[in-house]
Every structure is written in C-alpha cells, then in structure tokens.
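J.: Got a sequence here, can you model it:
(one chain, ligands or ions: 1)
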Amino acid sequence: MKNIKDYNLEELKEELVSMGEKPFRAEQIFKWLYQEKVKSFDEMTNISLELREKLKENYTMCNFNILKKQVSRDGTIKYLFDVLDGNAIETVLMSYHHGYSICVSSQIGCKMGCKFCASTGINFIRNLTSGEIVEQILAVEQDEKLRISNVVFMGIGEPLDNYDNVINAIHILNNQKGLSIGARHISISTSGLVPKIYKLAEENIPCTLSISLHATTNEKRSSMMPVNDAYPIEELIKACKDYIAKTNRRISFEYALAKDNNDNLEDAKGLVKLLKGMLCHVNLIPINKIENGSYTKSSNEHIMKFRDYLNDHGIVATIRRELGSDIDAACGQLRRKNLEQ
Ligand code: SF4
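T.: Below is the predicted model:
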C-alpha cells in the first residue's frame with residue numbers, strides 16, 4: 001500500500017482527482033496530517049465516510065513505533081524508530097534557546113563509509129521515502145507534544161544520495177498547509193556529492209547547505225572520507241563557489257577535530273587558504289569517539305586555538321555545543337548498539 005505522507009500537496013491533489021474527488025480534499029487531508037497530526041483516517045471528520053473508507057483501502061499513514069528513547073542530561077532525546085518493515089532508524093531532538101531542532105535520517109544505513117562515523121558499520125539497506133523522512137518530525141512532535149522549528153539532515157545517510165525523496169520531503173515540510181517549516185530553518189548536510197550540489201543550486205529552495213569537509217588535503221580527506229576519491233577537494237570547493245554564486249547563500253563547512261589527525265596549525269592554515277573570501281562559516285565539531293573508531297577528540301584548548309586562528313584570519317568559525325554525549329550521540333550509535341543486543 002502507498003504511504004499517504006509520501007505525497008506533496010500537488011501530488012496529493014492529483015491522487016484525489018484520479019479517485020474522482022475535488023482537489024480541495026487534498027488540502028483538507030494535508031491539514032489533518034500535518035496541522036492536526038492525526039494518526040488515523042477515521043479522525044478526519046470533515047471527510048465523508050465513503051472517502052475515508054477509500055483512503056483506508058489505498059493508503060497507509062506510516063505511523064512509526066518508538067523502539068527506544070534515550071534522554072540526555074542536557075535534554076537531547078534520541079529516538080530509535082521502527083519503520084514498519086523490520087528496519088530501524090535514528091532521530092535526535094535537540095533543544096536550543098531559539099526552539100527545537102531535529103536531526104533526521106535520510107537512509108537506512110549509508111554507502112559513504114566515513115571513517116569517523118558510527119553508521120559506517122551499518123550496511124546500506126535502502127533510501128527512506130519522503131513520508132518516512134517527514135514521519136520522523138511528526139512522531140517526535142506527537143511524542144513530546146511540541147513544535148519543531150528547525151530540521152537538519154544530518155542523521156544516518158547521505159541526503160544527496162537520496163536526492164528526490166529529500167527534496168520532496170522538504171516541499172512537504174515547507175508547505176504552509178503542511179508543517180510550515182521555513183526553508184531557511186532546514187539544513188542539508190552532505191559528504192560532498194559534487195554533481196548533486198550543482199543540482200541543488202538550481203532548486204530555488206533557500207535551505208542551508210552544510211559540507212562535511214574535515215580535512216584540507218586530498219590525502220587526509222580521502223583517508224577519512226572515501227567519497228573524496230570520487231570528488232576531490234578542488235572539485236568540491238568549485239561546486240561550493242558555484243552554489244554560493246547562484247543562491248547567494250552562505251555555506252556551512254563542518255570540520256570535526258580529531259586529535260593529532262586534522263587539528264594542528266598546518267590544518268588551520270590550509271583551511272584559511274581554502275575558504276578565504278568565500279561566503280561561509282566553519283562549524284568546529286569536537287569529534288565523538290566511537291567504539292573501535294580510530295579517532296579521539298581534540299582537547300578543548302586545542303579546539304579553541306584552532307577556532308581563534310580561523311577567526312583571526314578572516315574565517316568565521318564557531319565550536320558546536322556537544323549535545324547528548326551521555327546517550328551515544330554520534331549518528332548510528334544507538335541503532336548499532338540496539339542491533340547488537
Ligand atoms: S558521516 Fe554521514 S555520510 Fe558519512 S558515513 Fe556517516 S552517515 Fe554516511
């Protein structure tokens with residue numbers, strides 16, 4: 001059966017018309033799904049009984065079950081959801097002074113194999129559908145009775161490797177009759193799939209693009225991120241410059257600092273050289289140690305020195321607050337632990 005949450009509003013109108021219904025029914029259904037957040041067709045009381053029966057026969061609502069929920073001392077909540085086909089995905093809710101932010105997964109497993117990532121031990125199984133991406137937000141909002149204001153595609157999976165479903169999910173999130181989350185409050189993080197960065201620049205969606213950079217030489221970056229062999233740093237930076245020129249939007253570069261690996265002065269100098277003059281921001285991330293991982297976190301002193309060097313040389317850099325460090329906050333950790341139990 002088809003998942004009704006896989007459809008954006010225009011597609012849902014077409015579905016309804018093909019069932020002999022008026023297009024405005026799609027707007028009513030959208031409102032029930034994303035504003036009233038109902039969990040069954042029976043709750044859609046302004047829809048005729050006959051149509052509700054037809055909807056039940058043809059569509060599921062894909063309501064996730066919570067397999068596990070971990071609450072951190074800092075309020076971060078990590079969910080493990082049953083996606084109803086025997087697979088599980090992770091979603092993380094974070095609380096900031098400006099509101100609630102959610103980190104969603106875009107795939108079950110990941111093909112990219114970044115060496116610092118806990119998802120690396122999880123084989124790629126499949127892409128999540130648009131509805132499964134959107135359901136993560138709905139399920140958390142329903143569970144915690146709150147409204148999410150920011151969405152980051154930074155959970156398990158490479159979002160640009162599931163391009164069409166991620167873009168469609170953003171249309172659903174963004175729609176004022178849907179969840180009405182402004183595109184400026186949505187951030188896509190990529191390991192650097194260059195052709196998809198060019199494609200995203202053409203979409204006219206003013207979301208934030210984050211690039212997982214993590215190193216400034218091809219040798220080092222390839223040792224951390226195999227994707228760099230396919231799309232080396234020069235090509236990646238060229239695509240980023242094109243993205244900025246087309247969208248006039250600032251790019252965020254993610255740089256996870258690993259002790260004695262990419263955290264010395266030479267690395268900071270390399271970063272300045274690479275990003276000088278670009279409309280960008282650098283997010284320094286104290287790396288999360290993962291079991292069997294070969295990287296350990298840089299000292300706080302080292303991280304601050306690295307940041308100060310960047311700021312003193314014209315690159316805006318901030319250190320990301322560590323959230324959920326007591327609840328396996330590196331992506332993939334909760335899922336992997338659970339599967340191993
Ligand atoms: S960091 Fe992201 S892109 Fe890299 S392996 Fe992990 S989930 Fe995939």
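
J.: Every contact and neighbour count from this point should use C-alpha atoms.
T.: Fine.

J.: What is the longest strand of this structure by residue count?
T.: strand 88-96 (DSSP state E).

J.: And the nearest residue to Val17 once chain neighbours are set aside, how far from Met94?
T.: Distances taken as C-alpha to C-alpha, 6 or more residues apart in numbering put Pro23 closest to Val17, at 6.0 Å, once the chain neighbours are dropped. Separation of Pro23 from Met94 (C-alpha to C-alpha, to the nearest Å): 37 Å.

J.: same thing with Ile172?
T.: Ile172 is 21 Å from Met94, by C-alpha to C-alpha.

J.: More neighbours: the two, which one.
T.: Counted by other C-alpha atoms under 10 Å, Ile172 and Met94 do not tie: Ile172 has more neighbours, with 26 against 19.

J.: residues contacting the residue nearest to the more buried one when sequence neighbours are not counted?
T.: Using C-alpha to C-alpha, 6+ apart and skipping residues adjacent in sequence, the residue nearest Ile172 is Asn8, 5.3 Å away. Applying C-alpha atoms under 8 Å, 6 or more residues apart in numbering, we find Asn8 in contact with 168-169, 171-172.

J.: Could you dump those into a markdown table and include distance to Thr217, pLDDT and secondary structure?
T.: Converted to a markdown table, those look like this (distance: C-alpha to C-alpha, whole Å; pLDDT from 0 to 100; DSSP: H, G, I helix; E, B strand; the rest coil):
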| residue | distance to Thr217 | pLDDT | secondary structure |
| --- | --- | --- | --- |
| Asn168 | 35 | 97 | helix |
| Ala169 | 34 | 98 | helix |
| His171 | 36 | 96 | helix |
| Ile172 | 38 | 96 | helix |
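
J.: now these as TSV including distance to Cys117?
T.: Listed next are those as TSV, based on distance: C-alpha to C-alpha, whole Å:
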residue	distance to Cys117
Asn168	26
Ala169	24
His171	29
Ile172	29
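
J.: Relative to Leu49, which of those is nearest.
T.: Nearest to Leu49 out of the contacts of Asn8 is Ile172 (C-alpha to C-alpha; 25.7 Å).

J.: residues contacting that closest one?
T.: 7-9, 134, 178-179.

J.: Ok, Leu84 next?
T.: 62, 64-65.

J.: one more time with 6 Å, if that's ok
T.: Counting by C-alpha atoms under 6 Å, 6 or more residues apart in numbering, Leu84 touches no other residue.

J.: Mind checking what secondary structure it has?
T.: What DSSP: H, G, I helix; E, B strand; the rest coil gives for Leu84 is coil.

J.: Look up how far Ile287 lies from it.
T.: Counting by C-alpha to C-alpha, the gap from Leu84 to Ile287 is 32 Å.

J.: Look up the closest residue to the most centrally placed residue in the chain, ignoring the ones flanking it.
T.: Centroid check for the chain by C-alpha atoms, centre = their mean gives Phe153 as the closest residue, at 0.9 Å. In space, and not counting its chain neighbours, Phe153 is closest to Ile188: 4.9 Å by C-alpha to C-alpha, 6+ apart.

J.: from memory that neighbour sits against Leu209, does it?
T.: Yes: if you go by C-alpha atoms under 6 Å, Ile188 and Leu209 touch, sitting 5.1 Å apart.

J.: Which one of the two is surrounded by more residues?
T.: Taking other C-alpha under 10 Å, Ile188 and Leu209 do not tie; Leu209 has more neighbours (24 against 20).

J.: what distance separates the helix or strand harbouring that one from the centre of its chain?
T.: Here Leu209, judged by DSSP states H and E, is contained in strand 208-212. Taking C-alpha atoms, centre = their mean, to the nearest Å, one finds strand 208-212 lying 10 Å from the centre of the chain it belongs to.

J.: Output the below-cut-off pLDDT ranges for the stretch 151-300 of the chain.
T.: Along the stretch 151-300 of the chain, segments meeting pLDDT under 70 span 288-293.

J.: quick revisit: does the longest strand of the chain reach the ligand?
T.: No: counting by C-alpha under 6 Å from any ligand atom, the ligand is not contacted by strand 88-96; separation bottoms out at 11.0 Å.

J.: And that strand, what does it pack against?
T.: On a contact count with 3 or more C-alpha pairs under 6 Å, 6 or more residues apart in numbering; DSSP states H and E, strand 88-96 meets strand 77-82, strand 99-103.

J.: out of those, deepest packed?
T.: Most buried of these by mean neighbour count (mean count of other C-alpha atoms under 10 Å) is strand 77-82; its value is a mean of 22.
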